[in-house]
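Undergrad: Structure of the sequence below:
(chains A, B, C and D)
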There are 2 protein chains.
Amino acid sequence: MAMNREEIVAAAIQRLNRVPTSSMAELAEAVGVSRATLHRHFSTREELLTELANRSLDSWEQAIEAAGVAAATASGDAEQIRRTLEDLLSRHLVYAEEHGFALSEHVMVVDPHLERRIDELEEREIELFAAGQRAGVIRADLPARWVSSVVYGLLVAARQSILRGDVARRDLPRIVIETLYRGIS
Amino acid sequence: MAMNREEIVAAAIQRLNRVPTSSMAELAEAVGVSRATLHRHFSTREELLTELANRSLDSWEQAIEAAGVAAATASGDAEQIRRTLEDLLSRHLVYAEEHGFALSEHVMVVDPHLERRIDELEEREIELFAAGQRAGVIRADLPARWVSSVVYGLLVAARQSILRGDVARRDLPRIVIETLYRGIS
DNA sequence: ACCATATGAGACACTTATGTCGCAAATGAT
DNA sequence: ATCATTTGCGACATAAGTGTCTCATATGGT
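TA: Model prediction:
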């Protein structure tokens, strides 16, 4: 087969999305490769998981940049912030589907470097939320960090809804954004 | 020491709330009991986890009943539904703190009986949400099951906020209810 | 003080996951 | 066709978790 690192990572992510506690043997089978070969590419399980986590954070970071979070935060313009927020949310939904396993704790490795990266990415979003509050896009009586947690919680909810078939994939962005902005009343 | 089942369960729950993947040895140590004694009370790990899960669902069920979900659903009265919703939410927050480990998937046992119980409890809440929609308390353009997922997601967010110290415990109920009803704008 | 019961400590067998190694077979480029 | 590289397969050692058992000790009620 001659799988390269990319293909292995992609297949492993898919598997972990369905069965987050998969062993190396299960991952190897899911990838379509022998256990020995998997170990040839990733000498330890931790190395594999760290790589997956970093890929996952790459996607997240890319979403933040593609949505123009930094520019919107700096601009302070209400409309730009609103557009960026919705764009970011939509990208997050894709992220939640593709890297959802990383959303559940206790699965990923506890690596100081990873934790710092997560904090840094989250901080960039929190700054956007804070800018949104100053611009009147987001109510100011909620801590910006709480807003961040709410977005995270909604992603968990969205992922669950998709997995259970409660909401159609194409309806999700609208429903999530509607719920985030206006709540359920 | 002469620990009874109750004390063991309580200590185990506390431990699992912090370290959801604890082994039997770790749980025994956390309980303050030898591994053998733990096995005398719960012959297998699965038995222990099933018991914990059922205790957890007992709490959940009790919250549903104490909040008067059934009565509110049957009444169809907007004000009663609103009060019940807020009451239920507050109780859920306590539940999320005490049984949060059960909120994360992949930790608990996959037991058909447990799954049925969860479905049944969730269904009772969904009926309340649907009644809320008919009474105009909850917007009707969202699937009631989505509302249920959102509540779940907000609990995950609330738990995370508490653990990280982003929001004070006493502010949580108001913030969560505010966010649920009105969103972030 | 006595006795039934509960506990702790340790040993044991069993299972599962991890990581390494050697070797034969397949692959692929030249 | 040849040769270097990659792969699969199986064996192996190691580690960790689970569940059982025995025996000495501690506890608590009478």
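Undergrad: So for stretch A:40-50, what gets flagged as buried?
TA: For stretch A:40-50, burial by neighbour count (16 or more other CB atoms under 10 Å in any protein chain shown) applies to A:41-42, A:48-50. Every residue, glycine included, has its C-beta placed from N, CA and C.
Undergrad: Mind checking which of those residues are in strands?
TA: Among the buried residues of stretch A:40-50, none falls in strands (DSSP state E).
Undergrad: possible to save these as CSV with pLDDT and distance to chain B?
TA: Shown next, in CSV, are the buried residues of stretch A:40-50 (pLDDT from 0 to 100; distance: CB to the nearest CB, whole Å):
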residue, pLDDT, distance to chain B
A:H41, 96, 25
A:F42, 97, 21
A:L48, 96, 18
A:L49, 95, 14
A:T50, 94, 18
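Undergrad: could I get the residues you listed as a markdown table with distance to DNA strand C?
TA: Converted to a markdown table, these look like this (distance: CB to the nearest atom of the strand, whole Å):
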| residue | distance to DNA strand C |
| --- | --- |
| A:H41 | 11 |
| A:F42 | 8 |
| A:L48 | 8 |
| A:L49 | 9 |
| A:T50 | 11 |
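Undergrad: now, which of those residues sits nearest DNA strand D?
TA: When the buried residues of stretch A:40-50 are compared for distance to DNA strand D (CB to the nearest atom of the strand), A:H41 wins out at 6.9 Å.
Undergrad: isn't the closest one right up against A:V9?
TA: No - applying CB atoms under 8 Å, one finds A:H41 not in contact with A:V9, separated by 9.0 Å.
Undergrad: hang on, the earlier thing: so which of the buried residues of stretch A:40-50 are in helices?
TA: Residues of the buried residues of stretch A:40-50 located in helices (DSSP state H): A:41, A:48-50.
Undergrad: There's contact between A:I64 and A:R124 in this structure, I believe.
TA: Yes - between A:I64 and A:R124 there is a contact under CB under 8 Å: 5.7 Å.
Undergrad: The two - which one has more neighbours?
TA: Neighbours of A:I64 and A:R124, each counted by other CB atoms under 10 Å in any protein chain shown, are more numerous for A:I64; the result is 20 against 16.
Undergrad: how near is the more buried one to chain B?
TA: 18 Å (CB to the nearest CB, to the nearest Å).
Undergrad: go on, A:H39?
TA: Counting by CB to the nearest CB, the gap from A:H39 to chain B is 23 Å.
Undergrad: ok, now A:A144?
TA: Taking CB to the nearest CB, one finds A:A144 at 9 Å from chain B.
Undergrad: do A:L163 as well
TA: 10 Å.
Undergrad: pLDDT value on that residue, please?
TA: Here the pLDDT value assigned to A:L163 is 90.
Undergrad: On the three-state scheme, A:R139 is what?
TA: What DSSP: H, G, I helix; E, B strand; the rest coil gives for A:R139 is coil.
Undergrad: Perfect, I'm done here.
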